[in-house]
Every structure is written in C-alpha cells, then in structure tokens.
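Student: build me a model:
(one chain, ligands or ions: 2)
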Amino acid sequence: MSEPQFDRLALIGIGLIGSSIARVVRDRNLAKEIIISTRSEATLARAEELKLGDRYCLDAADAVEGADLVILCIPVGANEAVAEAISASLKTGAILTDVGSTKGSVIQQIQPHVPDGVHFIPGHPIAGTEYSGPDAGFSTLFDNRWCILTPVPGVDAVATEKLQSFWQACGSNVDIMDADRHDLVLAIVSHLPHLIAYNIVGTADDLETVTSSEVIKYSASGFRDFTRLAASDPTMWRDVCLNNKDAILEMLARFSEDLSALQRAIRWGDGDTLFDLFTHTRGVRRSIIEAGQETDAPNFGRETGEDQLPAKN
Ligand SMILES: NC(=O)c1ccc[n+]([C@@H]2O[C@H](COP(=O)([O-])OP(=O)(O)OC[C@H]3O[C@@H](n4cnc5c(N)ncnc54)[C@H](O)[C@@H]3O)[C@@H](O)[C@H]2O)c1
Ligand SMILES: O=C(O)C(=O)C[C@]1(C(=O)O)C=C[C@@H](O)C=C1
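Tutor: Ligands and ions are numbered 1, 2, ... in the order given. Alright, predicted model coming up:
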C-alpha cells in the first residue's frame with residue numbers, strides 16, 4: 001500500500017461526494033487521519049456509524065484545525081458561510097479545496113475568506129449519481145472520471161500538483177481549466193441536461209390526459225433516463241442554477257433556438273433537416289463511446305450501478 005499523501009484530511013459535508021472521498025481515502029490509504037464535519041447531528045452520527053472517519057465535529061472550525069487538506073463537500077450556496085466560519089482556524093500551508101458543480105461563484109464566495117499562506121484551489125469531480133447523503137457514497141465513484149481544477153492566478157504550483165496527485169490517487173484524470181470556461185462547459189454538459197430532465201418529468205406529470213400510472217407503466221424507455229436525473233438532489237440543483245446563472249441562461253437560449261428550428265422542421269414536414277440532425281447527433285454519441293467514456297452495451301452503466309447503490313435516503 002502507498003504512503004499517505006496527507007497527514008490530516010478534513011471533510012466538511014459528508015453526503016454523496018464527501019463520503020465517497022472518505023471511502024476512497026480510507027481504502028487507498030491517502031491520508032493518515034480523516035476528520036468529518038457536517039451541520040446536522042443526525043448525518044454526523046450516521047457518518048460515525050458508517051465509520052467514515054477518525055473524528056467527528058459539528059463545528060467546521062474545529063474540524064479544520066491542523067488539517068493539511070480541507071475539502072468543502074457542501075451545496076455551492078453554503079460555501080461562503082462555511083469559508084467565513086473556518087477561515088481563522090485554517091493551518092498555514094494547508095490546501096483548501098471544494099467539489100462544487102460551479103466554479104466562478106465558488107471562487108467569489110470563498111476567496112475573500114482565504115488567509116495568507118493557505119492554498120485555495122477550487123475543484124470539481126465530474127462524477128455523481130442522483131442519490132445523496134452519507135450512505136450513497138462509494139469508493140470507486142471517481143475511477144476513470146474527470147476532475148477539473150480551476151486554480152486562481154498566482155496560486156502555489158506545488159500545492160496544485162499535490163491536489164492533482166490526490167485526485168489521481170482517487171482514480172480520476174485531472175484537467176486544469178479557467179473557472180469561466182468550466183462554468184460554460186458544465187452548463188451544457190451537466191446543468192442543462194438536468195434542467196431538461198426536471199422540466200420534462202414535470203411536464204409529463206402535469207399532463208391531465210396521461211395518468212401517473214401510465215407515466216410509470218411506459219417509462220421503461222427514454223423517459224426513464226430523464227426520471228433518474230430528475231430525482232437528483234433539489235438543494236444541490238437549486239444552488240447550481242442560482243450560482244451559474246449567466247452560463248445556464250446562455251445555454252438555455254441556444255437550446256430554445258435550436259428547439260424552435262426542430263419545431264419548424266416538424267411543422268413544415270422538413271424530413272431532411274430532421275434526418276441530418278439525428279445522423280449528426282448519432283455520430284456525437286458514437287465518438288463519446290469511442291473515447292471510452294460510455295458503453296453501448298444495453299443495460300450497462302448507470303442502471304447497473306444503481307442496483308449496487310444503497311437505498312436513497
Ligand atoms: N451529486 C453529484 O452528482 C455531484 C457531483 C459532483 C459534484 N457535486 C457537488 O458536490 C457538493 C456536494 O454534493 P453531494 O451530492 O455530496 O450532496 P449531499 O446532499 O449528498 O451532501 C451534502 C452535505 O453537505 C452538508 N451541508 C449542507 N449544507 C451545509 C451547510 N450549510 N454547512 C455544513 N454542511 C452542510 C449536508 O449535511 C451533507 O452532509 C455540491 O456542491 C455539488 O454541487 C455533486
Ligand atoms: O450522473 C449523474 O447522476 C450526475 O448528475 C453527475 C454529474 C453530471 O452531470 O455528470 C452531476 C453534477 C456534477 O457536478 C457532476 C456530475
């Protein structure tokens with residue numbers, strides 16, 4: 001087994017992502033000691049029952065004392081208050097990072113509270129499920145997934161390399177990116193798909209002519225994939241929408257324009273336009289599979305993974 005990369009890791013927030021980090025760190029011996037903090041007593045007690053850490057604190061400031069790696073694993077809307085609360089307790093030389101799905105807003109909220117001598121390097125593992133809470137995590141969540149780091153200009157290069165090798169040890173491939181670029185890219189590949197899923201499931205549910213039993217009965221089709229995304233955590237996704245507003249609105253505008261063009265093609269019986277688009281998008285899917293990020297095998301991947309996950313809490 002390899003040598004631990006950090007002496008003391010503090011995890012603030014112990015839901016899907018925090019508990020997956022705790023599990024992989026424990027399994028692969030990446031830190032000597034794991035300190036866990038979260039705001040709810042019940043969640044902290046559950047983390048202790050699951051033996052996710054070595055010490056448990058309700059107070060995040062206590063948890064970060066003496067830690068050389070601090071990871072905020074909380075909804076992006078909660079970062080500012082937590083950064084303010086832990087600021088004075090962070091150890092000089094510590095790396096402070098996060099896992100939030102938006103990056104520009106996270107930097108705006110955390111950076112003002114980072115003391116001199118602490119290395120703040122925002123991060124985002126592009127890995128997750130629709131489940132939340134400490135029971136939902138698993139140690140292989142980050143295997144063969146991307147983790148994007150968005151270091152602010154002037155940050156210590158050695159600290160960035162240390163964080164990069166931490167995520168690699170967790171199983172991820174790491175990319176370094178500018179925060180604005182991250183927010184734009186994630187708006188289209190992650191945030192918009194979730195919004196579309198929330199919307200389509202809401203629309204189907206509202207239809208008076210389609211009873212809910214029919215929605216359930218026939219959902220073993222494309223609709224089922226949307227229901228998985230639409231089951232994602234409401235707090236997390238509310239915060240993502242409010243904290244990546246500009247990029248999401250930009251992508252929604254483009255999406256609506258393209259949808260109008262499709263609507264027009266259908267109205268005017270323009271089969272060539274439909275056929276050309278569908279041929280092109282089939283190629284996009286195939287290139288994703290060729291790049292090794294998805295599989296074409298039926299009933300593989302998410303559905304299979306879902307069965308291995310504990311019950312939603
Ligand atoms: N779920 C995903 O698929 C996914 C993927 C990548 C990144 N992320 C990001 O990771 C972060 C955590 O998401 P998650 O899925 O683990 O969420 P989760 O709901 O499973 O866990 C959130 C944790 O944060 C704690 N928490 C909430 N508000 C808090 C506060 N104000 N102070 C202290 N603790 C607080 C909760 O008690 C819980 O322990 C979010 O920023 C999200 O954007 C999520
Ligand atoms: O697979 C899922 O359930 C996810 O929603 C994971 C997903 C994504 O959109 O890919 C969701 C949000 C994150 O910030 C990163 C990953």
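
Student: strands of the protein, start to end?
Tutor: Under the criterion DSSP state E, the chain contains strands at 6-12, 31-37, 55-57, 69-72, 95-98, 119-120, 123-125, 146-149, 173-176.

Student: need those strands in a markdown table (columns: distance to L186, mean neighbour count and mean pLDDT).
Tutor: (Each C-beta comes from the backbone N, C-alpha and C, glycine too.) Below are the strands of the chain laid out as a markdown table (distance: least, C-beta to C-beta, whole Å; neighbours: other C-beta atoms under 10 Å; pLDDT from 0 to 100):
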| stretch | distance to L186 | mean neighbour count | mean pLDDT |
| --- | --- | --- | --- |
| strand 6-12 | 22 | 24 | 98 |
| strand 31-37 | 27 | 23 | 98 |
| strand 55-57 | 31 | 17 | 97 |
| strand 69-72 | 18 | 26 | 98 |
| strand 95-98 | 14 | 26 | 98 |
| strand 119-120 | 20 | 22 | 98 |
| strand 123-125 | 7 | 24 | 98 |
| strand 146-149 | 8 | 20 | 98 |
| strand 173-176 | 12 | 14 | 98 |
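
Student: which residues of this structure lie near ligand 1?
Tutor: Contacts of the chain with ligand 1, taken as C-beta under 6 Å from any ligand atom, map to 13-18, 38-40, 43, 73-76, 78, 82, 99-101, 125, 128-129, 132-133, 233, 236, 240.

Student: turn the strands of the chain into JSON lines, columns for distance to ligand 2.
Tutor: As requested, those are arranged in JSON lines below (distance: least, C-beta to the nearest ligand atom, whole Å):
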{"stretch": "strand 6-12", "distance to ligand 2": "17"}
{"stretch": "strand 31-37", "distance to ligand 2": "21"}
{"stretch": "strand 55-57", "distance to ligand 2": "26"}
{"stretch": "strand 69-72", "distance to ligand 2": "14"}
{"stretch": "strand 95-98", "distance to ligand 2": "11"}
{"stretch": "strand 119-120", "distance to ligand 2": "19"}
{"stretch": "strand 123-125", "distance to ligand 2": "6"}
{"stretch": "strand 146-149", "distance to ligand 2": "9"}
{"stretch": "strand 173-176", "distance to ligand 2": "14"}
